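Asks: Sequence and predicted model, in that order:
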Number of protein chains: 2
Amino acid sequence: MWTIHEESFQAQAQHHKETIFTIGNGYLSTRGAFEEGYPGDRRATFVHGVFDAAPIVFTELANAPDWLPLVVLLDGERFSMDIGQLTAYARTLDLQTGTLARRLRWVSPGGKAATISFERFTSLADPHIALIRCRITPEFEGTVEVRATLNGNTDNEGLMHWRWIGQGALPRSSEHKRGSAVFLHNRTRQSQIDLVSAMRLVGVMGRRLTEHFWDVENAPTLSMTLAARSGRQIIVDKFVSLATSRDGSDPRALALEHVNAIVDWPAALQANADAWAKEWERCDLVIEGDEEAQIVMRFNLFQLLIAAPRHDNRVNIGAKTLSGFGYRGHAFWDTEIFMLPVFILTSPAIARNLLDYRYLTLPAARAKAKASGYEGAWYAWESASTGEEVTPTWIPDFRDRKKLARVWTGDLAIHISADVAYAARQYWRVSGDNEWMRAHGAELILETAKFFASRAEWNAEAQRYDYTDVIGPDENHDHVNNNAYTNRLAQWNLQTAFQILDWLQQDAPEKAAELIQRLDLSAERLAHWREVIEKLHIHTLPGGVIEQFDGFLQLKDANLAEYEPRTRSMQEIFGIEGANQYQAIKQPDVVMMQVLLHEEYSEASRRANYDYYNPRTDHTYGSSLGPSIQAIAACRMGYAEDAYEHFIRSARADLRDVRGNAGDGIHAASAAGTWQAVILGFAGLEITDDGWRVNPRLPAHWKRVAFTFFYRGQAQKVEVTNP
Amino acid sequence: MWTIHEESFQAQAQHHKETIFTIGNGYLSTRGAFEEGYPGDRRATFVHGVFDAAPIVFTELANAPDWLPLVVLLDGERFSMDIGQLTAYARTLDLQTGTLARRLRWVSPGGKAATISFERFTSLADPHIALIRCRITPEFEGTVEVRATLNGNTDNEGLMHWRWIGQGALPRSSEHKRGSAVFLHNRTRQSQIDLVSAMRLVGVMGRRLTEHFWDVENAPTLSMTLAARSGRQIIVDKFVSLATSRDGSDPRALALEHVNAIVDWPAALQANADAWAKEWERCDLVIEGDEEAQIVMRFNLFQLLIAAPRHDNRVNIGAKTLSGFGYRGHAFWDTEIFMLPVFILTSPAIARNLLDYRYLTLPAARAKAKASGYEGAWYAWESASTGEEVTPTWIPDFRDRKKLARVWTGDLAIHISADVAYAARQYWRVSGDNEWMRAHGAELILETAKFFASRAEWNAEAQRYDYTDVIGPDENHDHVNNNAYTNRLAQWNLQTAFQILDWLQQDAPEKAAELIQRLDLSAERLAHWREVIEKLHIHTLPGGVIEQFDGFLQLKDANLAEYEPRTRSMQEIFGIEGANQYQAIKQPDVVMMQVLLHEEYSEASRRANYDYYNPRTDHTYGSSLGPSIQAIAACRMGYAEDAYEHFIRSARADLRDVRGNAGDGIHAASAAGTWQAVILGFAGLEITDDGWRVNPRLPAHWKRVAFTFFYRGQAQKVEVTNP
């Protein structure tokens, strides 16, 4: 249960499969496009932090110079699966080692046949290197040529980000008997980030006839021609390295150093496998009795792990990881609310890097608040290299070229600041990392609290505080007042600020005094915070139903079951304006709030809200963020059937491409949420202030769930079985 | 007086100079970027009609695969003017033959020196071919390598339009002893236009040591290494051809045929020179006594001639010709009102092609009218391959990322339909081409008239017809009512429709009957047209001043002289909203109307309006379309000093880059308008219904003006001298 397998080549599913077969190592990821390239493929390598300016979306991860190109020619005929005959084909992603392998047999239009395999991996042991091994067993006598290119002519769906700076071949040294290095130096057009790629082409098996370096600008190419003997295997390895000016002042030297340090394929493969073994020892989640759930869990963990920054705290994980062009590499609350629980529990060092990113982007969050007349830190709804708001403000309306759609989340989704604070608090509670809380976390929680206090509006008539004109998790309704999720999380942020400040004053009085001084936490200000906490408006009906926002319960009612079967979202069915007028929500909102702050609500309250909102939520075509949260809520409610239905829907988002958009990249929040549904839902792990416990509610057909997590720096092994 | 010269290499003026040194042949144009390439250059080749989809601007001319790359290496050191030492440099564009030559001496960082020259031209004799000759005289013993590439990795300011389809090398045939051909096949991503480029690299002088074909995807490269002997000249020629699927069903065969048909450099150069000699015999304009005016005239004619479609009536000339990225290759009224007079008088066949384009895009113009509820033909303000409206509707506001600016010309500039009809009528009047008027022109004039009749709004209160919510030539004021230019040209279009219909009924009664039937020109409809003509509102004051639009004369007055000296447009000084409130106009509007319909206004009326509007027009930083028209008006008024001032301002638009934006491409309307200012202004050529006459008013320092023009198919030679 460690492999993702493909039995045939389907051109029409190419983009989906490129996402699925993405490999990576936390420094870079490469989509599963083919070495030889096809028209319309979305081949891409994304390197963390390498953003460049783009229209409409402000900035995007630049598709790096392409390290994949490896062209094979049989007696001069270029191998391509869309010509000749493909008589065998299989592709396998081994999640245990992050190795992607393709094996096929091809007969050229001219009748030359060969069995060809390509294996590739990006090393988890050395994040700067990537390797391809190509094996060819000809069924003819003649020549086989292999051409390896570093291609700087890449684009992001048509937009070029790179300029050519230089390239060259190093003289063959005695130290490197085989495959002297060639390099390519590029620079992003706007952000001026340098990236140097380097490669060696090594003939391992087969008689070499000629070797050439083709010094073509922005596409340096190494060509090797070997003698083809029928039945005799040829092996050629392409060793690649990448380094950027984000990694050091001389990326050219760095890239050459790493590419020259590759001893051979077996050694590099072993080092990578060893690194992955440690990763899985820490993270693996075993599910027995449900093969689909098992493979999805490992696939999801794999996709999260290859996108997770291990050595860099200046970057975050985009909503589509590093696996596609969707959302342009921008990070959302998806990181804090969906992905961070996975890392907090399995990989505390990664969690800390991700939270450091938010700490390091506090200046931008402060600037965003200030620009709107508020204090404290208002995080960007979409965040990239600096933390500046990069949510597009307008997007084209493809139905009417004279129209544009205004995107409001960057203006209205204030809950992001509380989501970040919530994750910081969770990390601290689970890890017990007081050093981080003192140095970074406290300031972050205090500054977001300060924002929420300044953003609260005094309603003199009702004698209460409101947040008006916001958008909550449910994006079917915008420009709403007093969204319960937003108000409760803001209130929680303010309450938590007091707890953290109390703790800090005992734990590190000097740091507390410094923060009180620097952040101007005067007695008057803190008194105001208390008043906001006390008088913040959240409307609860006598039966326990919490109104999602002012007036929600007066909207036209909608039982979504009546619209089944359907293949469109409720927002599409009602129209954007229409959806605003119905009690039809895109994803859990009140229910999500109760999942996050589970301990603070009675079972009666949770049941009342689940029962009210569940039938009004667009689980099938609403947000991909919804089903996993709904699954956790259903588990905790004891709704076993519901829970599994929501879980499996979430589980299928990428591998089965249930929404048809997996070609844009992995649904990272869904992938992480699905893991949460198993751990927090079915296994029932609960972390409290004084420890942890499990309260298992496994699906009936599951036999056993086993996993490891970290609590206060110690690995905890959990095993849950069905009776 | 036939050359444009550059004495030194100035990196900061690179984009301006690329525009100035553009060469072309009416099929394609290539900007004057350098063979070896520099970071940030705007190298581009545009082929007529090769549009592809682009965001915001809908469609743009795709920067074609680059045929220029020719890299020279002296003993392995790559020639580049930004390293080593450049001890001599000169660049010359010979307008007489369209040949661009660069001569320089370079010393490499390693101390290898050589004199190097590059000459290039795109043949006017065979529009599919382009040639580069490179001469190298080394001052060392060793090797010289020359690398020639066809580069498919081009972009339009970052946007990629091409996919790679294929490439290859043809086996050397006995027929082509030297330089066997290599080809590259690309296809535009959206519009699916195929373009095949092909090349041969021919060693003409020098001992060849090695020759290689580097088959790198999308950048096929031919490399030739020659022995360097001090003082011995080496000559290598790069022969290129381009063909597209717009030219025939097999562009690959076409490109190969043309590249193989090149015998050698001298023969191709001679054929090109012969073709240019015929061109200049037809078009040259001699000015004695004013060297600047002379060279500008030849430069402007050259730039118009290389952009003018000779063999294709499905394309138009963009506002920046084929010489830059500005306005994306879109055609405006600039063609009909500014450029067509040049072609009508000097090159009737080109004029006919350009007018055919409008005839062929009648379906799109009808669709545009219909979509807004009107009848007849409403031409696109910006027109590309189909005639569909491609004016951007929204453009980003770079000062505030949350704002967008709405571009209104596509919605409001209805005068374009009358401008097209005006040019059709002018062509007919000058050429006497009755066949064209019968087959194409009449329908065009009747359909635009129909549009203006249906667009006219009955004002019951004032008992008149209005055109409300329009924009006239002066774009400082939009959403205006009864713009005099628009109303008068619309009225003229309706009047002309009756004249044409009368003529057609006598000349070709069957065609007339067919059009009356097909266009539904019922007696009721024609009666309505007469009523619109009669009751269309144009407001003239007792003193003769015609109000530019309703309420213009009540706007705040502005004497622009009071704002001098300035370096910004009045619109920038007042702001877009502010400019709307002042009598400060961007270019002649009422004056322009009187220039076009000169015969219909008394001298008193023209003087009153010139005197009123001249000081209120932003001649220096308003539209580049203004000064030439103002010069003609001033000439006709006898304002000699004014006339020359406006003329020379117009003349300097490109060569002196007075507006700082010549890097975006040639100001085609200004270039053509400057020519009009000489012919219609200073020489005073007048075409009437029954012949032509000249009424010269040469500037005092001019000695002689001589030119040829075509009247009713016969060349007319005009010579005007100052007494």
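Replies: Perfect, thanks for sending it.
Asks: List the buried residues for the top helix by length along chain A?
Replies: Of all the segments of type helix in chain A, defined by DSSP state H, the longest one is helix A:484-507. Buried residues in helix A:484-507, counted by 16 or more other Cβ atoms under 10 Å in any protein chain shown: A:484-494, A:496-498, A:500-501, A:503-504. Just so you know, the C-beta spots here come from the backbone N, C-alpha and C atoms, and that holds for glycine as well.
Asks: The residue in chain A sticking out farthest from the centre and residue A:390: what is the separation?
Replies: Residue farthest from the centre of chain A, counting by Cα atoms, centre = their mean, is residue A:141 at 47.6 Å. Going from residue A:141 to residue A:390 by Cβ to Cβ, to the nearest Å gives 58 Å.
Asks: Helices along the stretch 551-700 of chain A, start to end?
Replies: A:570-574, A:576-579, A:590-596, A:603-613, A:626-637, A:640-651, A:668-676 (DSSP state H, counting those that start in this stretch).
Asks: circling back to that earlier point, mind giving me the packing neighbours of the longest helix of chain A?
Replies: helix A:415-431, helix A:442-455, helix A:509-518, helix A:523-535, helix A:590-596 (3 or more Cβ pairs under 8 Å, 6 or more residues apart in numbering or on different chains; DSSP states H and E).
Asks: repeat that with 10 Å
Replies: Packing contacts for helix A:484-507, counted by 3 or more Cβ pairs under 10 Å, 6 or more residues apart in numbering or on different chains; DSSP states H and E, involve helix A:415-431, helix A:434-436, helix A:442-455, strand A:464-466, helix A:509-518, helix A:523-535, helix A:590-596.
Asks: To residue A:574, which of those lies closest?
Replies: helix A:590-596 (20.3 Å; Cβ to Cβ).
Asks: show me the contacts for the most centrally placed residue in chain A.
Replies: The centroid of chain A falls nearest to residue A:321 when counting by Cα atoms, centre = their mean (2.7 Å). By Cβ atoms under 10 Å, 6 or more residues apart in numbering or on different chains, the contact set of residue A:321 is A:19, A:22, A:24, A:29, A:46, A:303-308, A:327, A:329, A:334, A:339, A:665-668, A:671.
Asks: again with residue A:416
Replies: A:332-333, A:336-337, A:358, A:365, A:378-383, A:409-410, A:448, A:486, A:489.
Asks: Spatially, and excluding backbone neighbours, which residue is closest to it.
Replies: Spatial nearest neighbour of residue A:416, excluding adjacent residues (Cβ to Cβ, 6 or more residues apart in numbering or on different chains): residue A:379 at 4.7 Å.
Asks: Could you look up the SS state of that neighbour?
Replies: coil (DSSP: H, G, I helix; E, B strand; the rest coil).
Asks: Mind pulling up the pLDDT for it?
Replies: Residue A:379 is assigned 98 on the pLDDT scale.
Asks: and it, what is it in contact with?
Replies: With Cβ under 10 Å, 6+ apart, residue A:379 has these contacts: A:331, A:333, A:336, A:358, A:361-362, A:364-366, A:368-369, A:387, A:389, A:413-421, A:444, A:447-448, A:451.
Asks: roughly how far apart are it and residue A:339?
Replies: 15 Å.
Asks: try residue A:128
Replies: 24 Å.
Asks: out of these two, which sits in the busier spot?
Replies: residue A:339 (30 against 25; other Cβ atoms under 10 Å in any protein chain shown).
Asks: Not counting sequence-adjacent ones, nearest residue to residue A:480?
Replies: Nearest residue to residue A:480, sequence neighbours excluded (Cβ to Cβ, 6+ apart): residue A:549, at 3.9 Å.
Asks: nope, residue A:290 is what I meant
Replies: The shortest distance from residue A:290 to any non-neighbouring residue, by Cβ to Cβ, 6+ apart, is to residue A:702 (5.4 Å).
Asks: Please look at that neighbour and residue A:723 and confirm they touch.
Replies: No. If you go by Cβ atoms under 10 Å, residue A:702 and residue A:723 don't touch, sitting 11.5 Å apart.
Asks: Neighbour count: these two, which is higher?
Replies: With neighbours defined as other Cβ under 10 Å, residue A:702 and residue A:723 compare such that residue A:702 has more, 21 against 3.
Asks: who are the neighbours in contact with that one?
Replies: Contacts of residue A:702 (Cβ under 10 Å, 6+ apart): A:287-290, A:293-294, A:644, A:678, A:682-683, A:696, A:720-722.
Asks: can you do 6 Å?
Replies: Residue A:702 makes contact with A:289-290, A:722, according to Cβ atoms under 6 Å, 6 or more residues apart in numbering or on different chains.
Asks: can you pick the most crowded of those?
Replies: Neighbour counts for the contacts of residue A:702 peak at residue A:290, which has 20 neighbours (criterion: other Cβ under 10 Å).
Asks: avg pLDDT for stretch A:711-723?
Replies: For stretch A:711-723, the per-residue pLDDT averages 95.
Asks: got it, and stretch A:501-515?
Replies: pLDDT averaged over stretch A:501-515 gives 98.
Asks: how long is it end to end?
Replies: 9 Å (Cα to Cα, to the nearest Å).
Asks: So which residues make contact with that stretch?
Replies: Residues outside stretch A:501-515 that contact it (Cβ under 6 Å, 6+ apart): A:438, A:442.
Asks: for stretch A:120-138, same thing?
Replies: In this structure, residues lying in contact with stretch A:120-138 by Cβ under 6 Å, 6+ apart are A:23-25, A:27, A:67, A:70, A:98-100, A:114-119, A:144, A:228, A:233-243, A:258, A:265, A:268, A:271-272, A:275-276.
Asks: If any of the residues you listed are buried, put those into a PyMOL selection.
Replies: If you want just the buried ones from those in PyMOL, going by 16+ other Cβ under 10 Å, the selection is:
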select buried, chain A and resi 23+24+25+27+67+70+98+99+100+114+115+116+117+118+119+144+228+234+235+236+237+238+239+240+241+242+243+258+265+268+271+272+275+276
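Asks: Thank you kindly, that will do.
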